[in-house]
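Peer 1: Need coordinates for the below:
(one chain, ligands or ions: 1)
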Amino acid sequence: MDSNLNRKKVTILDLAAKKRNSEPITMLTAYDYTGALLVDAAEIDTILIGDSLGMVMMGLESTVPVTMEEMLHHCRAVARGAKYAYLIGDLPFLSYQVSVSEAVQNAGRLLKEGNVDSVKLEGGHEMVETVRAIVAAGIPVMGHIGLTPQSVSKLGGYRTQGRTAAAARQLLDDALALEEAGCYAIVLEAVPAPVAKVITERLKVPTIGIGAGPDCDGQVLVYHDILGLYDKIQPKFVKQYATLSPIIKEAFSSYRDDVLKRDFPAQEHSFSMNAEELETFQKSLEE
Ligand code: KIV
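Peer 2: The predicted model follows:
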C-alpha cells in the first residue's frame with residue numbers, strides 16, 4: 001500500500017493554519033535530488049534550499065560568494081526530488097540588495113527556473129520596499145532576521161543577535177515591519193529564546209527558529225549538521241541526530257580494501273556470457 005496515497009503538497013495556507021492551530025512547522029535544508037527525496041520521505045513540511053550550500057556543498061568560507069546560477073542549479077535538483085514539501089529558495093547575496101527591480105527579477109527566476117514555491121531573503125526594515133515589490137509580483141517571501149550570514153562581515157562574525165534590550169526591540173520592530181510588508185513567515189536565527197518568544201507571540205505569521213529557542217512556530221536545521229556530515233562550524237544550537245561521517249568513511253575504506261585485495265567485484269557483481277558465444281569469441285582471437 002502506498003503510504004503517500006493521501007499525502008498532499010504542503011501549501012502556504014497549511015503553514016498559516018499550523019500557526020493558528022499551534023502545530024509546529026518542520027523545516028530542513030536540502031541541496032540535491034537524493035537529499036530532497038530523503039527529507040520528503042520524512043514528511044518534513046518545508047525544504048529550504050539555503051545559500052548555506054556555499055559552505056556545506058561547495059566548501060566556501062561563507063555564503064557571500066554564492067551566485068544566482070548556483071542557487072538555481074540546486075533548487076532545480078531539490079524540486080525534482082521533493083513532491084510534497086513546500087520549497088523555499090534562498091536569494092543569494094547581492095541578488096536583491098542592489099535594486100528592487102533586480103530583486104523581483106531574481107525572485108521570479110527562482111520560481112520560474114528553480115521550480116521553488118517561494119523565496120527567502122535576509123534583512124529587516126531596510127528590506128520592506130523590496131519585500132512589498134516581490135510579494136506584489138505574486139511571489140511569497142520568507143524573511144530572515146537575527147544572525148544574517150550574508151552580513152557576517154558587518155556583524156563581526158557568527159554571533160548571537162538581539163542580546164541587549166535595544167537590539168531585542170529592533171528585532172521585534174524588524175519582524176513587525178516584514179510582516180506588514182507581506183512576508184508569510186520569518187526565520188529567526190541565533191536570537192535569545194525570550195526575544196524569539198515575544199516576536200512569535202506578536203506576529204500573525206509563523207516564525208521559524210534556528211538557535212532561537214523552543215517557542216518559535218517552527219524549527220529549521222541544516223541537512224549536513226543534523227546528520228553529522230560537516231564539522232567546520234558547530235553552532236551550539238545544532239542537534240546532531242546521526243553521526244554519518246565515520247560510517248561513510250568506513251564504507252569508502254572497505255571499498256578501497258576490497259579493490260586492493262581483488263575481493264570486489266565478486267561474481268554477483270559481474271556479468272556472465274553464454275558459453276558458446278564465449279568460445280566463439282576466444283576462437284576469433286586465434287585467427
Ligand atoms: O542558508 C541557510 O541554510 C539558512 C538557514 C540557516 C536558515 O538560511
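Peer 1: Three-state assignment for the residue nearest to Leu72 when sequence neighbours are not counted, please.
Peer 2: In this structure, Leu72 finds its nearest non-sequential neighbour in Gly114, 4.7 Å apart by CB to CB, 6 or more residues apart in numbering. Yep, even glycine has a C-beta here, placed from its N, CA and C like the rest. Secondary structure, DSSP: H, G, I helix; E, B strand; the rest coil: Gly114 is coil.
Peer 1: Hmm, Met71 and Gly114 touching each other?
Peer 2: Yes. Counting by CB atoms under 8 Å, Gly114 touches Met71, with 6.8 Å between them.
Peer 1: and stretch 171-186, how far from the chain's centre?
Peer 2: 21 Å (CA atoms, centre = their mean, to the nearest Å).
Peer 1: So for Gly114 and Met71, which sits in the more crowded spot?
Peer 2: Met71 (27 against 22; other CB atoms under 10 Å).
Peer 1: In the stretch 1-150 of the chain, what residue spans correspond to helices?
Peer 2: 12-20, 33-41, 53-56, 68-81, 100-112, 128-136 (DSSP state H, counting those that start in this stretch).
Peer 1: who wins for proximity to Lys197 among those?
Peer 2: With CB to CB as the measure, helix 12-20 is the member of the helices of the stretch 1-150 of the chain nearest Lys197 (14.3 Å).
Peer 1: and Ile233, what pLDDT?
Peer 2: As predicted, Ile233 sits at a pLDDT of 79.
Peer 1: Which residue is the nearest non-sequential neighbour of it?
Peer 2: Tyr158 (6.9 Å).
Peer 1: State the number of residues packed around the one you found.
Peer 2: There are 14 residues near Tyr158, going by other CB under 10 Å.
Peer 1: now the closest residue to Ser62 other than its chain neighbours: how far from Asp51?
Peer 2: Leaving aside its sequence neighbours, Ser62 sits nearest to Val152 (CB to CB, 6+ apart; 5.5 Å). For Val152, the distance to Asp51 equals 12 Å [CB to CB, to the nearest Å].
Peer 1: List the residues that are in contact with both of these two.
Peer 2: Thr63 (CB atoms under 8 Å, 6 or more residues apart in numbering).
Peer 1: So for the two, which sits in the more crowded spot?
Peer 2: The residue with more neighbours, out of Val152 and Asp51, is Asp51; 28 against 17, by other CB under 10 Å.
Peer 1: Distance of the closest residue to Asp40 other than its chain neighbours relative to the ligand?
Peer 2: Nearest in space to Asp40, with sequence neighbours left out and distances taken as CB to CB, 6+ apart, is Ala82 at 4.4 Å. Applying CB to the nearest ligand atom, to the nearest Å, the value for Ala82 to the ligand is 15 Å.
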